[in-house]
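**Student:** What follows is a predicted protein model with its sequence.
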Amino acid sequence: MTGTKMRPEMLRRIALAVALLVPLGLLYAFPLAEVGIAIVDVLFLATKVQRREWGWARQPWFVLALVWWAWLVLCSTPLPFPSFGAAGWAMGLVQALVILRLLVFTVALQTWLLVTPRAQKAAWLALALSCFWIGLESWQQYLTGTNIFGDHRWEDGSLTGPFWKPRAGALYMHLLFPAILPLVVAMLSRPGTIWRSAGAVLALLGVVTSVLIGQRMGVALTGLGVVVTALFIRQLRGIAVVIVAVAAMVIVATPVISPPTYAKLIDETSRNLSHFSLSPYGELYTRATVMGMQSLWHGWGYNGFRELCPAPRFSGGLPALGIVPTELSLGACNLHPHNYYIQAFVDAGLPGLILFSLMALSWMVVLGRKLFRTPDPMRVGLFVSALTFTWPFGSTDEFPALYMLGWMFFILGLGFALQPRPPRPAAP
């Protein structure tokens, strides 16, 4: 093989090795993840430009993502026209510009790196090991009081797993289904009671772990994932009913087996829902909605909520809905609005919200293609994971903060790479 033919393949192997280190960086070393994503992007673009291959850039989901990103960049640009660009600010523009790296990383995984079964299996293994590690450390902290690093439960009662702060619940839930579904289905498909029982126990243990970690959205979206999984995979429907019943019994028993979990899941949730508009989340959502309505067509630029939220002009509440004015002392302002869709509305107005919603929907359409007809367990798990990331109801992190959304783009890249492709025409 000549050097010119070997070079693109060597670059691909280097980029694949770097990409498989990204999950490790997302766990413990964000600079490592950032450097890995940058290396993959540069090698991918260099290879495609050299070969003059542009089909990857014409995919509908990627085009739609670019349109959303371009609109967000425009809304974040400090233009000299008060009627349009008064919200733009320099740091927000820089932060909006670099979002492109995550879109390119996703398409690089899809069309260049994870195109072979061996590479796909390696990517799945990176996700599965990360999920196993979080679950193992959560159980260690639950049983012994500390994780391997000596960290205790968080002050609100939730388990932190292998982290020092409460990151475990949401991340474990997002990784759970792609990590265990292939294993569970493989065990259930093998002859013998022992294998089928082991598959059922693994599925049950995965869900119970999410409950014991004790973060509300993690538990709620785990339940959603169980339901969606049962819709796709017929042989898991009976087990899903048992899992939901046992998880409910575990929640009922938490006052005895894990009082901090009960305080977090039941007591705090009841207090927030009884007067939601006055809870910290209600205050955040109200304030953000008021901000979006005062700049309906272009929003306030990326991270405009963080920069401008304390301004008195945004404290008016929503009188039409009977929601009283917000107060900073009740938590009306924070680093972000804690919801991707509300953030999209605040950052880029109504057009930004529509484009962001269409982008998320396009991801789910691609991941769900022919999934009812051929419910491959890994594809179902990745679909459920993406669904829990893009689910519009509930509290989220900032979009697209790397420490959580980096996982989503890695999962999207693997999920897109696994999509069924039309058969190639026979050679003449």
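**Tutor:** Received it, and whenever you're ready, just let me know what you need.
**Student:** so how far is stretch 284-297 off the chain centroid?
**Tutor:** 24 Å (C-alpha atoms, centre = their mean, to the nearest Å).
**Student:** any idea of the mean pLDDT for it?
**Tutor:** Per-region confidence: stretch 284-297 scores 94 on mean pLDDT.
**Student:** Only C-alpha atoms, please: export that stretch in PDB.
**Tutor:** The C-alpha coordinates for stretch 284-297 follow below in PDB (Å, rounded to 0.1, in the frame of the first residue of the first chain):
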ATOM      1  CA  LEU A 284     -36.300  30.700  37.300                       C
ATOM      2  CA  TYR A 285     -38.800  29.700  34.600                       C
ATOM      3  CA  THR A 286     -40.900  32.700  35.200                       C
ATOM      4  CA  ARG A 287     -38.000  35.100  35.000                       C
ATOM      5  CA  ALA A 288     -36.700  33.500  31.900                       C
ATOM      6  CA  THR A 289     -40.100  33.500  30.200                       C
ATOM      7  CA  VAL A 290     -40.400  37.200  31.000                       C
ATOM      8  CA  MET A 291     -37.000  37.900  29.500                       C
ATOM      9  CA  GLY A 292     -37.900  35.900  26.300                       C
ATOM     10  CA  MET A 293     -41.200  37.800  25.900                       C
ATOM     11  CA  GLN A 294     -39.400  41.100  26.100                       C
ATOM     12  CA  SER A 295     -37.100  40.200  23.200                       C
ATOM     13  CA  LEU A 296     -39.400  37.900  21.300                       C
ATOM     14  CA  TRP A 297     -37.600  37.700  17.900                       C
END
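**Student:** and that stretch, which residues are buried?
**Tutor:** 284, 285, 286, 287, 288, 289, 290, 291, 292, 295 (16 or more other C-beta atoms under 10 Å). Heads up, the C-betas are built off the backbone N, CA and C, glycines and all.
**Student:** how much space between the second one and residue 393?
**Tutor:** Meaning residue 285. Spatial separation of residue 285 from residue 393 under the definition C-beta to C-beta, to the nearest Å is 11 Å.
**Student:** next one: the first one
**Tutor:** Taking C-beta to C-beta as the measure, residue 284 and residue 393 are separated by 14 Å.
**Student:** likewise the third one?
**Tutor:** As for residue 286, its distance to residue 393 is 16 Å (criterion: C-beta to C-beta).
**Student:** Contact partners for residue 350?
**Tutor:** Residue 350 makes contact with 292, 296, 297, according to C-beta atoms under 8 Å, 6 or more residues apart in numbering.
**Student:** Let's have those residues in TSV, adding secondary structure.
**Tutor:** Putting those into TSV (DSSP: H, G, I helix; E, B strand; the rest coil) gives the following:
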residue	secondary structure
292	helix
296	coil
297	coil
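**Student:** got those residues as CSV, with distance to residue 41 columns?
**Tutor:** Below are the contacts of residue 350 laid out as CSV (distance: C-beta to C-beta, whole Å):
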residue, distance to residue 41
292, 32
296, 34
297, 32
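**Student:** Pretty sure residue 188 sits in a strand.
**Tutor:** No: assignment of residue 188 by three-state DSSP gives helix, placing it outside any strand.
**Student:** Counting neighbours, what do you get for it?
**Tutor:** Neighbour count for residue 188, taken as other C-beta atoms under 10 Å: 20.
**Student:** pLDDT-wise, which helix or strand of the chain ranks last?
**Tutor:** None of the helices or strands of the chain scores lower by mean pLDDT, DSSP states H and E than helix 82-85, at a mean of 47.
**Student:** ok, then the element right after it?
**Tutor:** helix 90-97 (DSSP states H and E).
**Student:** What are the buried residues along stretch 59-72?
**Tutor:** Of the residues in stretch 59-72, those buried (16+ other C-beta under 10 Å) are 59, 61, 62, 64, 65, 68, 69, 71, 72.
**Student:** for that stretch, what is the average pLDDT?
**Tutor:** The average pLDDT for stretch 59-72 rounds to 97.
**Student:** Output it as CSV, restricted to C-alpha atoms.
**Tutor:** Coordinates of each C-alpha in stretch 59-72 appear next as CSV, following Å, rounded to 0.1, in the frame of the first residue of the first chain:
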residue,chain,number,x,y,z
GLN,A,59,-27.5,15.6,6.0
PRO,A,60,-30.8,17.2,7.0
TRP,A,61,-30.0,17.0,10.8
PHE,A,62,-26.7,18.6,10.3
VAL,A,63,-28.0,21.4,8.0
LEU,A,64,-30.8,22.1,10.6
ALA,A,65,-28.2,22.2,13.4
LEU,A,66,-26.1,24.6,11.4
VAL,A,67,-29.1,26.9,10.8
TRP,A,68,-29.9,26.9,14.6
TRP,A,69,-26.3,27.6,15.4
ALA,A,70,-26.0,30.4,12.9
TRP,A,71,-29.1,32.1,14.2
LEU,A,72,-27.8,31.8,17.8
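**Student:** chain center to that stretch, what's the gap?
**Tutor:** On the basis of C-alpha atoms, centre = their mean, stretch 59-72 is displaced by 18 Å from the centre of the chain it belongs to.
**Student:** Show me the contact partners of that stretch.
**Tutor:** Contacts with stretch 59-72, where a contact means C-beta under 8 Å, 6+ apart, come from 56-57, 96, 99-100, 103, 107, 302, 347-348, 351-352, 355-356, 358-359, 362-363, 365-366, 416.
**Student:** now swap in stretch 29-44 and tell me
**Tutor:** Outside stretch 29-44, the residues that touch it by C-beta under 8 Å, 6+ apart are 11-12, 14-15, 18-19, 21-22, 24-26, 101-102, 104-105, 107-109, 112-113, 402-403, 406.
**Student:** what about 7 Å?
**Tutor:** For stretch 29-44, the surrounding residues in contact (C-beta atoms under 7 Å, 6 or more residues apart in numbering) are 11, 14-15, 18-19, 21-22, 24-26, 101, 104-105, 108, 112, 402-403, 406.
**Student:** Buried residues in it, which are they?
**Tutor:** Buried residues in stretch 29-44, defined by neighbour count with 16+ other C-beta under 10 Å: 32, 33, 34, 36, 37, 39, 40, 41, 43, 44.
**Student:** and the next element down the chain from whichever helix or strand the last one is part of?
**Tutor:** For residue 44, the enclosing helix or strand under DSSP H and E is helix 30-51. Sequence-wise, the next helix or strand beyond helix 30-51 is helix 60-76, with elements assigned using DSSP H and E.
**Student:** This completes my enquiry, with thanks.
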